[in-house]
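# Whatever this is, show me its structure:
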Amino acid sequence: MAPSERDKMEAGDWYSCIDPELDALRQQAAEAVFLHNSMQPAARGNLGPKLQQLFAEAGSDCRIEAPFHCPYGINISLGANVFLNAGCVILDTAPVHIGDDTMLGPAVQIYCAEHHRDADKRKAGLEIARPVTIGQNVWIGGAAVILAGVTIGDHAIVGAGSVVTRDVAADTIVVGNPARVAKGS
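I've put the predicted structure just below:
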């Protein structure tokens with residue numbers, strides 16, 4: 001049997017995002033995201049219950065401020081004490097692992113999907129998914145963008161507004177677009 005589009009996505013191969021199975025998974029996530037974002041804060045607590053159930057893992061005391069967006073949720077793993085400020089977006093077409101005690105500022109965006117460079121293939125919905133891994137005790141400043149395939153090491157800092165296009169070593173501060181190691185760090 002030929003692999004499904006979901007199988008290809010999970011294997012890191014080119015796949016079409018225009019697919020009934022993937023549509024159903026996105027609909028499931030849309031419902032959980034909507035409930036998380038629309039619940040009264042006291043009722044929602046740190047993490048809306050449907051969103052928490054959807055995630056691959058959510059460690060103790062994780063908090064996600066509303067609004068939040070993800071297309072699947074099933075590929076997101078959060079360690080303990082992770083904090084995502086308002087407006088964060090995680091496009092989790094591949095696994096996204098965020099380590100313990102990591103903080104994401106407002107409007108941080110994590111993109112796992114890369115669309116095809118060929119215009120006809122892109123029009124057909126072809127994309128590839130690359131995982132993102134963020135270590136423990138990392139601080140990502142507001143409006144930073146983390147691109148597909150990036151790993152950020154433990155205790156690193158990503159400056160606000162930075163665009164991270166390649167791996168960041170542990171205990172490093174990066175800033176800018178594209179993000180580069182800050183002088184004196």
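
# so where's this protein uncertain?
For the chain, the stretches flagged by pLDDT under 70 are 184-185.

# Convert the longest helix along it to CSV, retaining C-alpha atoms only.
For the chain, the longest helix by residue count, based on DSSP state H, is helix 20-38. Presented in CSV, the C-alpha positions along helix 20-38 are these (Å, rounded to 0.1, in the frame of the first residue of the first chain):
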residue,chain,number,x,y,z
PRO,A,20,-8.9,14.6,3.7
GLU,A,21,-7.0,12.9,6.6
LEU,A,22,-4.9,16.0,7.2
ASP,A,23,-8.0,18.2,6.9
ALA,A,24,-9.7,16.1,9.7
LEU,A,25,-6.6,16.5,11.9
ARG,A,26,-6.6,20.3,11.3
GLN,A,27,-10.3,20.5,12.1
GLN,A,28,-9.7,18.6,15.4
ALA,A,29,-7.0,21.1,16.3
ALA,A,30,-9.1,24.1,15.3
GLU,A,31,-11.8,23.0,17.7
ALA,A,32,-9.3,22.6,20.6
VAL,A,33,-7.5,25.9,19.8
PHE,A,34,-10.9,27.7,19.6
LEU,A,35,-11.9,26.4,23.0
HIS,A,36,-8.6,27.4,24.5
ASN,A,37,-8.7,30.9,23.1
SER,A,38,-12.4,31.5,23.9
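
# ok, what's across the strand from the most centrally placed residue in the chain?
Nearest to the mean C-alpha position of the chain, by C-alpha atoms, centre = their mean, lies residue 90 at 2.9 Å. Assessed by DSSP bridges, residue 90 has beta-bridge partners residue 110.

# can you confirm residue 174 is in a helix?
No - in this structure, residue 174 is strand, not part of a helix, as judged by DSSP: H, G, I helix; E, B strand; the rest coil.

# burial measure for it, as a count.
23 (other C-beta atoms under 10 Å). In short, each C-beta sits where N, CA and C put it, glycine included.

# Name the nearest residue to residue 158, ignoring sequence neighbours.
Leaving aside its sequence neighbours, residue 158 sits nearest to residue 140 (C-beta to C-beta, 6 or more residues apart in numbering; 4.5 Å).

# Was I right to think that neighbour contacts residue 103?
Yes - the pair residue 140 / residue 103 is scored as a contact, 7.1 Å apart, by C-beta atoms under 8 Å.

# Comparing those two, which shows the higher neighbour count?
Neighbours were counted for residue 140 and for residue 103 using other C-beta under 10 Å; residue 140 has more, 30 against 17.
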